[in-house]
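Participant: can't give you the sequence, but here's the structure:
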């Protein structure tokens, strides 16, 4: 089972329509930021909640078909390398994870865009469950594999845009490091699949290193706004790199 008390996101991911950033000379200015409703985050929460409702109604029938099971993955049920993110072991488990998804996901989706955010979430779930498949023998469930990927993505996004955040950067990246450290510490408990967390974190780090938004300031005072200079090719390379590495590991785990 994956169960972990995530904390709220750092300040650069709040919902304000404007942010205070630093220009090329290090001077503080206010700029308009991307604003769109986080439909993907809300949809994932709705679908995951519906699946848990089905668990309650059917005495955990979705777990039978969706949970990570090494034996069934080796028999060819490869969807189990992603679908464990849809099922949960208890009410506190799903509440913790959906709170974390809402906290981190809304800001990240606004910055990444709907499609890139969905790809990040799915790839992080995949990489987390691949690591769990390779390094833990027990069955596991939970969205925290994907959520660790979101945390890793936030960290890379902050690093790649650190000049813009100026004095905010140190506190923001410190918060990310603290969130990772405290949750990995709680993950040392026997019933928690910490390898799944580490795998999700690695997936988010790798994907966002190639595919994360790279902001630049455009406009004339006072009508500044942020634009993303990341090319589509970077997103493709990021996804392909994650799939190549972790797909290869999954294949090795199935034939070893």
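Facilitator: Good, I have the coordinates. What you are looking at is a predicted structure, and each value in this text was computed from that prediction instead of being measured.
Participant: can we go C-alpha only for contacts and neighbour counts from here?
Facilitator: Noted.
Participant: can you list contacts of the helix with the most length in the chain?
Facilitator: Longest helix of the chain, by residue count under DSSP state H: helix 232-255. Residues outside helix 232-255 that contact it (CA atoms under 8 Å, 6 or more residues apart in numbering) are 73-74, 116, 119, 123, 127, 130, 133-134, 203, 206-212.
Participant: now the strands for the protein?
Facilitator: Under the criterion DSSP state E, the chain contains strands at 18-22, 28-32, 215-220, 223-228.
Participant: Check the average confidence over the first one, would you?
Facilitator: Throughout strand 18-22, pLDDT has a mean value of 55.
Participant: just the second one next, same as before
Facilitator: Here the mean pLDDT over strand 28-32 is 57, rounded to a whole number.
Participant: now stretch 57-64
Facilitator: 96.
Participant: quick one: contacts of that stretch?
Facilitator: Against stretch 57-64 from outside (CA under 8 Å, 6+ apart): 51, 54-55, 84, 87-88, 141.
Participant: Distance to residue 148 and neighbour count added to the residues you listed, as TSV?
Facilitator: What follows is the contacts of stretch 57-64, written out as TSV (distance: CA to CA, whole Å; neighbours: other CA atoms under 10 Å):
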residue	distance to residue 148	neighbour count
51	21	19
54	25	16
55	24	19
84	14	30
87	16	30
88	16	29
141	14	28
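Participant: any low-confidence regions in the chain?
Facilitator: Low-confidence segments of the chain, defined by pLDDT under 70: 1-35, 187-188, 190, 219-225.
Participant: Can you tell me how far the closest residue in space to residue 148 that isn't next to it in sequence is from residue 71?
Facilitator: Computed as CA to CA, 6 or more residues apart in numbering, the closest residue to residue 148 that is not its neighbour in sequence is residue 201, at 4.8 Å. As judged by CA to CA, to the nearest Å, residue 201 and residue 71 stand 24 Å apart.
Participant: Which one of these two is surrounded by more residues?
Facilitator: The neighbour comparison of residue 201 against residue 71 (other CA atoms under 10 Å) goes to residue 201, with 26 against 14.
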